[in-house]
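[1] sequence and predicted structure, then a few things I'm wondering about:
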Amino acid sequence: MQRELALKVDNINVFYGEFHALWDVSLEVEPQQIISVIGTNGSGKSTLLNAIAGLLQPRGGDVELFGEKISGMQPHQTVVRGVSLVPEGRRVFGRLTVYENLIMGAYTPRARKRRSTVLRMVYDLFPRLHERRNQLASTMSGGEQQMLAIGRALMSEPKLLLCDEISLGLAPLIIKDIYKKLEEINRQGVAILLVEQDINRSLKACQYAHVMLEGKVVLSGNPASLTLEEVKRAYFGV
Amino acid sequence: MPDILVVKSLEKYFGHLLVVSQLSFEVRQGEILGVLGPNGAGKTTMFNLITGTLKADGGSIIFNGVDITRESPARRCRQGIGRTYQIPRPFENMTVYENLLVGAVHGAGMREKHAAPFAMEVLELIRLLPEKDKLAGGLCLLDRKRLELGRALATQPRLLLIDEVAGGLTENEVEMLLKVVKEIQHRGVSIVWIEHILMMLSEGVDRLLVLDGGRRLQCGDPRHVMNSQDVMECYLGSEED
Amino acid sequence: MGVLTAALGTVPLWGSDYLVLFFFLFCLYLTVAQMWNLLAGYSGLISLGQQVFLGIGGYSVAVMGNYYGLNVLLSILAGGFFSVLLALFMSLFIFRMKGVYFSIGTWIFAEILMIWFSNWSFVKYGTGLFIKTNPPLSTNETFYIAFVLGVGSVALVYFIMRSRLGLGLMAMRDNEDVSETMGVQVFRYKLYCFLIAAFITGMAAGVFYIFQVFVQPYKAFSIDWTVKLVFIVIIGGIGTIEGPIVGALILVFLSQVLADYFSVSLLILGAIAIAVILLAPKGIMGTLQAKLGFEILSPRRK
Amino acid sequence: MIDLAQPIINGLLLGGLYAVIALGLSTIFGIVRVVNLAHGDMVILGSYLSLAFCMWLGLNPLWTILLVAPIMFCVGFLIQSVLFNRVLGKGMEPPLLMAFGISIIVQNFLLLVFTSDARALKSDLSMMTISLGEINISLLYLLNFLIGLAVILGLRQFFRKTFLGRAIRAASDDVVAAKLVGANTSSIYAYAMGIAALTAAVAGVLVGMTFIFYPHTGPQYLIIAFGVVIIGGLGSIKGTLVGGFILAMAQLLGAHFFGPGYQLLCGYMVLLIVLAIRPNGIFGKA
């Protein structure tokens, strides 16, 4: 019997018009796992996450969530099935309050029913969001907005959380804090796929890592077995 | 010989966000200056400021001894600044040849009569002669990137700003483009070159400028810069907890 | 192409009065639409206020002919001239505006002139003016002037496109920002187009109102004019020289064939417009060109 | 001073009506980024629907709002989901032609059904006035103002407090993020257009009770709506109210000083001045 996978990405290719952005990318995420994808900008990491979430449609290849094919679906369909993306640049709704942002996170009918319960859990995880619940999202600091983006993504009670460069532009202490929260979320049973430029941080957090370069996965392994030298070489393509 | 481009304390805000901060550097006559930096480091914004697509909020840009900080993009192009775009942006409903003609007629200020043979010459240099009468919108990525270089070249630049030619191409294709860039340099054009594949930069460039958060992190000899601690950190993340 | 032009030019010799009228209207709509196409299709200036030049052109022939007894051809020219003056004045305001605001700004100018003229004793307020030309023109003579304008406008746009200006305009049509960094003087070229369009539109309006014999502010400065131009150009194919020809033919055909059922013809026009946008967003000629790759009046360089 | 008070009061009251006329145009631009050039015709369609109900059921025009508004909501919803949603993101021209197409269809449909005769929604209100010393307040204008204010405040509360309202705001803030939380943005846009059409319906009934109208009166109200949003900024509810007041005030003061023929002209002049100084409107974002 095959082990059940939270996410299986099988040989997907993605194009922006003529631009071939992802070349035969495959990876797997088991339930309970944190997997990270590392690479410079332009290496195709965000494209990968967007393709999983349904913002982009792969040309060829399959994406499966707990055995169900989700490639070809629109984002509102993947969210219902348990995928939630914390987008690059946070993209909180700036003119909505923190509370309203979180409410929007529970958009699907199923999530709406359990809204108050999940909202309490998110406030427990990020007490800062509770303190600031009536503040406009645009007036918060970068770190707080990042927490809000994660909190909003959690409101749909995802089985798989996709995080796109959550440390970008944040101070080291805040990054550390946010990563602790991610581990906590993971312990509660959410599989996580992390995308980062920051090699050290994401290697520490994950159980398995892939390095991408120019739209291809060039190196994979568990963090213990990968040497920093190896990773750097793959990362920069030297 | 004086420096072809001098950038002094350049600043740019997007709303309240400072995206380019006190940026100063110079480009020497005939050199290739590589530019490196993580996402959001302000590299493309810097290009937009130099070409005039964006107006600087502070500082000055001196090109060939003339202050061009307030000039229109078109004037800057006429004075000899050419650029390529990261994602090629050809004039899609015009043919390859017409694309080059725009550069030669409007950028270099030639009459169409004289521009025609010049455009043919450029076509040969970028190896697009067979595709001459194809619509640019129908080109494959490699040809688009070639056209991007060729079109900039057709404006007869003295300074060429290259924004990532290698992305999305195979190794062979990258090497082909590398040759073209070298040929351009041999014609006496100074080049500023943003690239992500470090191999290209460490091999091809004379000096390297590293940006992070809109500021200048390092500038100098490529090998020296690549091995410096803060450059590694800005890519790999800090070690300390 | 030449045969068709010759056929068009000789309509009065072989066609019925009805056909002369048909092609007279066709030529004028073609002229004005071709100019709107020059603005919207090539320069990115979506003007909703072209009626301003139609009104000015109409009133110029009326005032110059009735009050000053100016020769009819000169009166028509005067219409173009005054339109250019007005366009220059307007450009002081509207060239600061971008996108939608430009469109609304031009429309507001037209509305202002409509009210101005309907409150101006010199032009007999809202009742309008009858037009007496000097010398009086026969139907055929007016047709020939319209013919010259129609063919002239197509030729003009064609030659603009073959020129340095046109090369820049085509680049601007594809990508304004990039063309500017390639040395194209975007602002100046837009202004040129705006002035050229004003000039030709003003003259065409003069001919139209000579035929109508009567000019009145609520009709002359009405947004209905621009609505028709938008239909002609977008249905025919925006940014193509042939588009307005096809579009004008459809519009005049519909309005003449269904002349007795005026509102039905417009209902059909509206439906066609929506269908074209949904099925062939580039317009009839634009889609044909993309699919079949042929161009009759090609501004292509080889 | 007293003779100035009359036009100022009237301007204030008329401004409330102008604001409702512009509300839908402004909302749709703020959310869907489409300039709905058929908005004026949707207002007039509302007037004619009300007329039809008045004639058919013998109702007071005011009560027809309850029937016309839901019908117009459906019309707006359909127009967006069947037509506008298909041309989004394809540049400025396709939605422009689409809107003109709708506009011309509505106008000529009304012409066929109702002929080109001048129409009005008659009620007892139009004659009644309240006198405060030397100032006469038309009851109808007062009613316009109050209903207008109620619609604007109601819409504001709707956007603030309801789930759908919040979802619409979220989608106008960041479409991609809205998609990522699971929102079907096409249907959100359709609801938004439905609501815009609903406000147009209210505006239409009020306009019909206050002024005479013809099948082709739509563009007149479109340009008033434009005027309001130019002053107030596209996509801002608060700005719409301020814009309505300023435009109406400029018109009525203009009429007071230069004569009724110049009422519209003065409004436009103020618009041009605003546009020349602030090409994106007073409250508009740069």
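    Right, received. Where do you want to start?
[2] touching chain D at all, stretch C:276-288?
    Yes. Against chain D, stretch C:276-288 shows contacts by C-beta under 8 Å from any C-beta of the partner chain at C:276-278, C:281. C-betas here are computed from N, CA, C, even on glycine.
[3] hmm, who's touching that stretch?
    Stretch C:276-288 is contacted from outside by C:233-240, C:242-243, C:246-247, C:289-290, C:294, D:83, D:86-87, D:90, D:94, D:97-98, D:101, using C-beta atoms under 8 Å, 6 or more residues apart in numbering or on different chains.
[4] rerun that using 6 Å as the cut-off
    C:234-238, C:240, C:242-243, C:246, D:86, D:94, D:97-98 (C-beta atoms under 6 Å, 6 or more residues apart in numbering or on different chains).
[5] equivalent analysis for stretch C:120-130, please.
    C:62, C:117-118, C:214-217.
[6] the same query, at a cut-off of 10 Å, please.
    Contacts to stretch C:120-130, defined as C-beta atoms under 10 Å, 6 or more residues apart in numbering or on different chains, come from residues C:58-59, C:61-63, C:65-67, C:113-119, C:209, C:212-220, D:261.
[7] would you mind listing the buried residues in that stretch?
    Applying a neighbour-count criterion of 16 or more other C-beta atoms under 10 Å in any protein chain shown, one finds C:123, C:128-129 buried in stretch C:120-130.
[8] could you dump those to TSV with secondary structure and pLDDT?
    Output for these, formatted as TSV (DSSP: H, G, I helix; E, B strand; the rest coil; pLDDT from 0 to 100):
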residue	secondary structure	pLDDT
C:Val123	helix	91
C:Gly128	coil	90
C:Leu129	strand	92
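[9] nearest to A:Gly67, of those residues?
    A:Gly67 lies nearest to C:Gly128 out of those, by C-beta to C-beta, at 76.5 Å.
[10] how is chain A divided into domains?
    Under the assignment automatic domain parsing, the domains of chain A span A:7-82+A:158-236, A:95-157.
[11] let me know whether the shortest one sits next to chain D.
    What that stands for is domain A:95-157. Yes. Judged by C-beta under 10 Å from any C-beta of the partner chain, domain A:95-157 and chain D are in contact via A:95-97, A:99-112, A:115, A:137-138, A:149, A:152-153, A:155-156.
[12] ramachandran angles for D:Val228?
    phi -60, psi -50 (degrees, to the nearest 10).
[13] give the residue spans of chain B that score low on pLDDT.
    B:1, B:168, B:197-203, B:234-241 (pLDDT under 70).
[14] quick revisit: so of the contacts of stretch C:120-130, which ones are in strands?
    Counted as lying in strands by DSSP state E, out of the contacts of stretch C:120-130, are C:214-215.
[15] same for chain A: which of the contacts of stretch C:120-130 are within range?
    Answer for the contacts of stretch C:120-130 near chain A: none qualify (C-beta under 10 Å from any C-beta).
[16] hmm, back to that, just the buried ones from the residues of stretch C:276-288 next to chain D?
    Buried members of the residues of stretch C:276-288 next to chain D, counted by 16+ other C-beta under 10 Å: C:276-277, C:281.
[17] still on that earlier bit, filter the residues of domain A:95-157 next to chain D to the buried ones?
    A:96-97, A:99-108, A:111, A:115, A:137, A:149, A:152-153, A:155-156.
[18] can you tell me the closest non-neighbouring residue to residue 179?
    All of this is about chain A. A:Ala205 (5.5 Å; C-beta to C-beta, 6 or more residues apart in numbering or on different chains).
[19] wrong chain, I was asking about chain C
    The nearest residue in space to C:Ser179 (C-beta to C-beta, 6+ apart) is C:Ala171, at 3.8 Å.
[20] and if you look at C:Ser83?
    Of all residues not flanking C:Ser83 in the chain, C:Gly202 sits nearest, at 2.9 Å (C-beta to C-beta, 6+ apart).
[21] quick one: B:Arg146 and B:Leu128 touch, right?
    Yes. Between B:Arg146 and B:Leu128 there is a contact under C-beta atoms under 10 Å: 5.4 Å.
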